[in-house]
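Student: Build me a model:
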Amino acid sequence: MKNITTPIIPVQAQFAYTNQHQSLDYRAICLFAATGFFWDTDTYWCNKKVLCPATSNEVDEQQKLVSSYSYFDWHYSPKKNYSFQEALNDFTELFEQIIDEQIGDEQAILPISGGLDSRTQAVALKQLGKKVTSYSYSFSGGYSESGIAQKIAKACEFEFQEFLIPKGYLWNVIEDLAEINQCASEFTHPRQMAVLPEFQQMKGTFSLGHWGDVLFDKGAPEGYTEKDLIALVKKKVIKKGGLELGKSLWRDWQLEGDFENYLEERIEALLSQINIKNHVGAKMRAFKSLYWAPRWTSTNLSVFAHAHPITLPYYDHRMCKFICSLPEEYLADRKLQIAYIQKRNPEVAKIIWEDQRPFNLNNYQYNKMPYNFPFKVGRKLQAGINKIQQKKFIQRNWELQFLGKENEQQLESYLFDEKFNDFISREIVEKFYKKFQREDAVYYSHPVSMLLTLSVWNKKFN
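Tutor: Here you go, the predicted model:
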C-alpha cells in the first residue's frame with residue numbers, strides 16, 4: 001500500500017485507477033469541451049481518476065484507490081471583533097513568511113502583469129530583499145501590458161525583460177505542449193509556451209501569483225442566494241460557444257439524457273458536498289478552489305515547471321486556512337491586497353491598475369463618470385483611428401494562432417484529420433469551424449480551440 005496526500009489546492013494532478021474497463025468517458029469529455037477543464041475526478045478515461053484535493057489516499061500496487069478521507073473542508077468562520085487593521089497585519093506577516101520560505105536564498109523569477117496579484121508579490125519580494133528577475137509579455141499588435149509591469153519592476157529595482165508573443169507560435173510547440181499538459185487544457189491559453197526556451201535560460205525559482213484574484217475578492221455578487229448558485233456556476237464556467245459544443249457532442253455520441261441537465265446535476269452534486277450554509281460568496285469561492293483551480297489553473301503550471309521549480313504563495317495551505325477566517329467585506333474588492341501595497345510600497349500603489357485604467361490603487365474609486373470621461377473619449381477616438389487605418393488590435397492569444405492563411409492551414413490539418421473525424425464527426429467540426437469563420441470568431445473561438453485540443457489528444461494518446 002502507498003499513501004498519497006494531496007494539497008488543499010493541488011499544483012499537479014495525481015491519479016488512481018478503478019476496476020472499470022479502460023473506455024472513454026464521453027460525458028466527461030462533453031463537460032471538458034463546454035468549460036475547458038475536466039471536472040472533479042474526471043479524465044478522458046472511465047477507469048482513471050484524479051485524487052481529490054485535501055485528501056489522504058491509500059492506493060495498492062496497481063495504483064487502485066483503496067480508501068480516501070478529507071483532512072480539510074472549506075468553511076466560512078470569520079473572526080469576531082476582528083478589525084481590518086488586524087487582518088492586514090496578519091496578512092502581511094503570513095504572506096511575507098510564505099514567500100520568504102518558498103524562495104529562500106534562490107533568485108526569484110516573477111511574472112508581472114498590470115493587475116494586483118503579481119504586484120503584491122513584487123512588493124513582498126522587495127520588502128524581503130530577495131534577488132528578483134521579472135518579466136512580462138504582450139501580444140504582437142496588442143495592448144502593452146508590459147508597460148505597467150516595467151514600471152512596477154523599476155519601482156522595486158528588479159531586473160526586467162519584455163517578451164512579445166509572436167503570431168503562429170503554437171504550431172511549432174503544440175506537440176511539446178500536449179506532452180507537458182497531457183491535453184487537459186486547451187492550447188491557446190498558456191502563452192508562456194511561446195517563450196519556454198527563454199525561461200530555461202533564466203536562473204532561479206518561479207514565484208507565481210495564480211489564484212490570488214479568487215481568494216482576495218468577493219466570492220459572489222451582492223444579492224445572490226443558495227438558489228442562485230447553480231446558475232452562477234454555469235455563468236462562470238461555461239465558455240462562449242461551449243454549451244453548444246457540449247450539446248452537439250452529447251447528441252452525436254448518442255448519450256442518454258440531456259447534456260445541460262447533466263451539467264446542472266453535476267454542479268448541484270458538487271455544491272452539496274461543500275458544507276458552507278451561511279455564506280454564498282464563501283461557498284462559491286470554495287467551489288472554485290476545489291474544482292476550478294486544480295483542474296484549470298493548475299494544469300498549465302506544468303509549462304513553468306518544465307523550466308524551473310515553481311512556488312505559489314496563494315496556493316499555500318496556510319493562506320487557504322487564513323481566507324476561511326476573514327470577513328467577506330475584507331476580501332471584497334481586493335481591499336487587503338490594496339492596503340498591503342499602499343502600506344509597504346506607496347510608489348507601487350501609484351502605478352496604473354490595468355483593470356481600472358487610467359487610475360491607480362489610490363484613486364481607482366474615480367473610475368466612473370464624469371471622472372473617467374476623458375479616458376473613454378480618448379479610447380474611442382483611438383479605436384476610430386485604428387479602424388480607419390485598418391489596424392487590428394490583438395487582444396486574445398487565439399487571434400495570433402487561428403487567423404491568417406498560414407494559421408488556417410495548420411489548424412485545418414488537425415481539425416480535418418481523418419483519424420480525428422472518426423472520433424468526432426466531420427459534420428460537427430465543419431459546423432463550428434464555419435461559425436468561427438463566418439459568424440462570430442470571438443464566440444466560437446473556444447469550440448475551435450477545444451476541437452484542436454481533442455484532435456491532438458486523439459492523435460497522441462487515444
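
Student: what about the stretch 351-462 of the chain, any weak spots by pLDDT?
Tutor: Low-confidence segments of the stretch 351-462 of the chain (pLDDT under 70): 373, 375-394.

Student: any idea how far the residue positioned nearest the centre of the chain lies from Glu329?
Tutor: Nearest to the centroid of the C-alpha atoms of the chain, with distances taken as Cα atoms, centre = their mean, sits Thr297, at 3.6 Å. Distance of Thr297 to Glu329, given as Cβ to Cβ, to the nearest Å: 25 Å. No exception for glycine: its C-beta is placed from N, CA and C like everyone else's.

Student: One more: Ile276?
Tutor: Ile276 sits 17 Å away from Glu329, going by Cβ to Cβ.

Student: who has more neighbours, the two?
Tutor: Ile276 (22 against 11; other Cβ atoms under 10 Å).

Student: so what are the domain limits for the protein?
Tutor: 2-70, 84-210+298-363, 403-461 (automatic domain parsing).

Student: from the chain's centre, how far out does the longest one sit?
Tutor: The chain centre lies 13 Å from the centre of domain 84-210+298-363; the measure is Cα atoms, centre = their mean, to the nearest Å.

Student: Just the endpoints, please. Distance across that domain?
Tutor: 20 Å (Cα to Cα, to the nearest Å).

Student: Using CSV, list the CA coordinates for stretch 407-419.
Tutor: C-alpha atoms of stretch 407-419 as CSV (Å, rounded to 0.1, in the frame of the first residue of the first chain):
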residue,chain,number,x,y,z
ASN,A,407,-2.5,29.6,-39.3
GLU,A,408,-5.7,28.3,-41.1
GLN,A,409,-3.7,25.7,-42.9
GLN,A,410,-2.1,24.4,-39.7
LEU,A,411,-5.4,24.5,-37.8
GLU,A,412,-7.3,22.7,-40.6
SER,A,413,-4.7,19.9,-40.7
TYR,A,414,-5.7,19.0,-37.2
LEU,A,415,-9.4,19.7,-37.4
PHE,A,416,-9.9,17.7,-40.6
ASP,A,417,-7.6,14.8,-39.8
GLU,A,418,-9.2,11.5,-40.9
LYS,A,419,-8.5,9.7,-37.6
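
Student: Other residues contacting that stretch?
Tutor: 167-168, 170-171, 401-402, 420, 426, 429, 433, 448, 451-452, 455-456, 458-459 (Cβ atoms under 8 Å, 6 or more residues apart in numbering).

Student: which ones are touching the closest residue in space to Ser425 that isn't next to it in sequence?
Tutor: Sequence neighbours aside, Asp252 is the residue nearest to Ser425 in space, at 5.5 Å (criterion: Cβ to Cβ, 6 or more residues apart in numbering). The neighbours of Asp252, taking Cβ under 8 Å, 6+ apart as the test, are 424-425, 427-428.

Student: contacting residues for Phe351?
Tutor: For residue 351 the amino acid is Ile, not Phe. Contacts of Ile351 (Cβ under 8 Å, 6+ apart): 119, 148, 151-152, 155, 360-361.

Student: Kindly report the same for His279.
Tutor: Residues counted as contacts of His279 (Cβ under 8 Å, 6+ apart) are 76, 219, 328.

Student: 6 Å instead?
Tutor: By Cβ atoms under 6 Å, 6 or more residues apart in numbering, the contact set of His279 is Tyr76.

Student: Distance-wise, check it relative to Cys183.
Tutor: Distance, His279 to Cys183, using Cβ to Cβ: 36 Å.

Student: about what we covered before: most neighbours among the contacts of Ile351, which one is it?
Tutor: Most crowded among the contacts of Ile351, counting by other Cβ under 10 Å, is Arg119 at 30 neighbours.

Student: Quick one: classify it as helix, strand or coil.
Tutor: helix (DSSP: H, G, I helix; E, B strand; the rest coil).

Student: need the contact list for it.
Tutor: Contacts of Arg119 by Cβ under 6 Å, 6+ apart are Ile152.

Student: Please indicate which of the domains of the chain has the most neighbours on average?
Tutor: The highest average neighbour count among the domains of the chain, using mean count of other Cβ atoms under 10 Å, belongs to domain 84-210+298-363 at a mean of 19.

Student: hey, where'd the strands end up in the stretch 151-300 of the chain?
Tutor: 159-165, 205-207 (DSSP state E, counting those that start in this stretch).

Student: Please render those as TSV that adds distance to Thr41 and mean pLDDT to the earlier fields.
Tutor: Listed next are those as TSV, based on distance: least, Cβ to Cβ, whole Å; pLDDT from 0 to 100:
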stretch	distance to Thr41	mean pLDDT
strand 159-165	33	92
strand 205-207	27	98
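
Student: Identify whichever of these lies nearest to Glu96.
Tutor: Among the strands of the stretch 151-300 of the chain, the nearest to Glu96 by Cβ to Cβ is strand 205-207 (12.3 Å).

Student: Poorly predicted segments of the stretch 51-200 of the chain, please.
Tutor: For the stretch 51-200 of the chain, the ranges with pLDDT under 70 are 140-145.

Student: Helices along that one, start to end?
Tutor: Here the stretch 51-200 of the chain has its helices, by DSSP state H, counting those that start in this stretch, at 84-103, 117-127, 145-156, 170-181, 196-201.

Student: closest to Leu31 out of the ones you listed?
Tutor: helix 170-181 (17.5 Å).

Student: Can you name every helix or strand that that closest one contacts?
Tutor: Where contact means 3 or more Cβ pairs under 6 Å, 6 or more residues apart in numbering; DSSP states H and E, helix 170-181 is packed against helix 301-305.

Student: Can you list the strands that the next helix or strand after the helix it packs on pairs with?
Tutor: Next helix or strand after helix 301-305 toward the C-terminus (DSSP states H and E): strand 310-311. Strand 310-311 sits in its sheet next to strand 205-207 (parallel), going by DSSP bridges.

Student: now the helices of the stretch 51-200 of the chain in TSV, with distance to His21?
Tutor: Formatted as TSV, the helices of the stretch 51-200 of the chain follow (distance: least, Cβ to Cβ, whole Å):
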stretch	distance to His21
helix 84-103	42
helix 117-127	43
helix 145-156	48
helix 170-181	25
helix 196-201	37
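
Student: between those, which gets nearest to Ile352?
Tutor: Across the helices of the stretch 51-200 of the chain, closest to Ile352 is helix 145-156 (Cβ to Cβ), at 5.5 Å.

Student: What are the phi and psi values at Tyr5?
Tutor: Actually, residue 5 is Thr rather than Tyr. phi -100, psi 130 (degrees, to the nearest 10).

Student: likewise Met450?
Tutor: phi -70, psi -40.

Student: Now it: closest residue in space that isn't a chain neighbour?
Tutor: Ala33 is the one closest to Met450 (Cβ to Cβ, 6+ apart), at 4.8 Å.

Student: With Thr311 instead?
Tutor: For Thr311, the closest residue by Cβ to Cβ, 6+ apart turns out to be Gln102, at 3.8 Å.
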